[in-house]
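In: how would this look folded up:
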Amino acid sequence: MSTPTRRGPRRVEAERNDRALLEAAREVLAEDGAHASVAAIAARAGVGIGSLYRRYRTKQELFQRLCVLSMEHSIQAAERGLDDADPWRGLAGFVVECVEFGQGQLGPIAGSIEVTEEMAAKARRADEVAAALVERAHAAGVLRPDVTRIDLALLIEQLGSSPMLKQLRGREKLFSAAERAHRRIVAIALDGLRAQGASKLPGEPPTDELFSGRWEKLP
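Out: Model (predicted):
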């Protein structure tokens, strides 16, 4: 029987700092977009700049790590949705999970960082499981037939970045009220995805190029 490996105090602290940095980076990115500074991220995390650069050599590397974690969350949420025997409940649960995670908050850095092989592989897997959720919901007749996977991804991005929640962060009473209001908006949006009683959507469905093309790094 093997003896469990004990983590030393320094490793525990490093892991704690890393979690704090990633959470701070998500928050600062949500507020400042692609112009988020490492100084602001380190200050939000309560660590020194040196600690940040010991873990991530560049701001780009930090943002690339955030993207991988975000896509891993999306994959896991979609897989949980597929595990649900009810096609609508599985799809709706996936959307709610992604919105609550703030899945669309990394959109502002699209085109400003290099897409790594790991990011590309995770993105392909995330697309596959999300497409499976959509196809299953279509086959069951519970999702309006003109809604595509890209429509769903754009909806999640829009709902996952709430200006009111950003504005009221730190004001406990109002923030709680804003969270409740946001959950209502998500529920309203989900009802708009249902097949029953749906009216025709305007225009042509968005293509993959619209959603993924913006991640091509600008010259």
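In: can you pull the contacts of the residue nearest the centre of the chain?
Out: What sits nearest the mean C-alpha location of the chain, by C-alpha atoms, centre = their mean, is Q103, with 1.6 Å. Contacts were defined as C-beta atoms under 8 Å, 6 or more residues apart in numbering; by that measure Q103 touches S70, H73, S74, I156, E157, G160. (Each C-beta comes from the backbone N, C-alpha and C, glycine too.)
In: all helices for the protein, in order.
Out: Secondary structure of the chain by DSSP state H: the helices cover 9-32, 38-45, 49-55, 59-83, 87-101, 117-139, 149-159, 163-168, 172-191, 208-212.
In: now the ones you listed as CSV including distance to G107, mean neighbour count and mean pLDDT?
Out: Shown next, in CSV, are the helices of the chain (distance: least, C-beta to C-beta, whole Å; neighbours: other C-beta atoms under 10 Å; pLDDT from 0 to 100):
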stretch, distance to G107, mean neighbour count, mean pLDDT
helix 9-32, 9, 16, 81
helix 38-45, 18, 18, 90
helix 49-55, 23, 15, 88
helix 59-83, 10, 18, 94
helix 87-101, 13, 21, 94
helix 117-139, 13, 17, 96
helix 149-159, 5, 19, 91
helix 163-168, 14, 14, 69
helix 172-191, 17, 13, 81
helix 208-212, 10, 14, 70
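In: could you dump these into TSV with distance to K200 added?
Out: TSV is the format used below for the helices of the chain (distance: least, C-beta to C-beta, whole Å):
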stretch	distance to K200
helix 9-32	34
helix 38-45	44
helix 49-55	50
helix 59-83	26
helix 87-101	20
helix 117-139	16
helix 149-159	13
helix 163-168	29
helix 172-191	17
helix 208-212	20
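In: out of these, which gets nearest to G111?
Out: G111 lies closest to helix 208-212 among the helices of the chain, at 10.8 Å (C-beta to C-beta).
In: list the residues that contact the closest residue to Y56 other than its chain neighbours.
Out: Excluding the flanking residues, the one nearest Y56 by C-beta to C-beta, 6 or more residues apart in numbering is L62, at 4.0 Å. By C-beta under 8 Å, 6+ apart, the contact set of L62 is L21, L22, A25, V38, I41, L52, R55, Y56.
In: go on, S212?
Out: With contact taken as C-beta under 8 Å, 6+ apart, S212 is in contact with A123.
In: okay, it and L154: tell me how far apart.
Out: Noted for S212: a distance of 12 Å to L154, by C-beta to C-beta, to the nearest Å.
In: now do H182
Out: Plainly put, H182 is 17 Å away from L154 if you go by C-beta to C-beta.
In: now swap in A187 and tell me
Out: To L154, A187 is 18 Å away according to C-beta to C-beta.
In: what does A120 give?
Out: Taking C-beta to C-beta, one finds A120 at 20 Å from L154.
In: K59 now?
Out: K59 is 26 Å from L154, by C-beta to C-beta.
In: also L21?
Out: Computed as C-beta to C-beta, the L21 to L154 distance reads 29 Å.
In: what do you get for V38?
Out: Per C-beta to C-beta, V38 is found 29 Å from L154.
In: check V95 too.
Out: According to C-beta to C-beta, V95 and L154 sit 12 Å apart.
In: one more: K217?
Out: According to C-beta to C-beta, K217 and L154 sit 21 Å apart.
In: what sits against E114?
Out: Q60, Q64, K217.
In: give me the phi and psi for the nearest residue to the first one once chain neighbours are set aside.
Out: Nearest residue to Q60 in three dimensions, chain neighbours excluded: I113, at 4.8 Å (C-beta to C-beta, 6+ apart). In this entry, I113 is assigned phi and psi values of phi -130, psi 160 (degrees, to the nearest 10).
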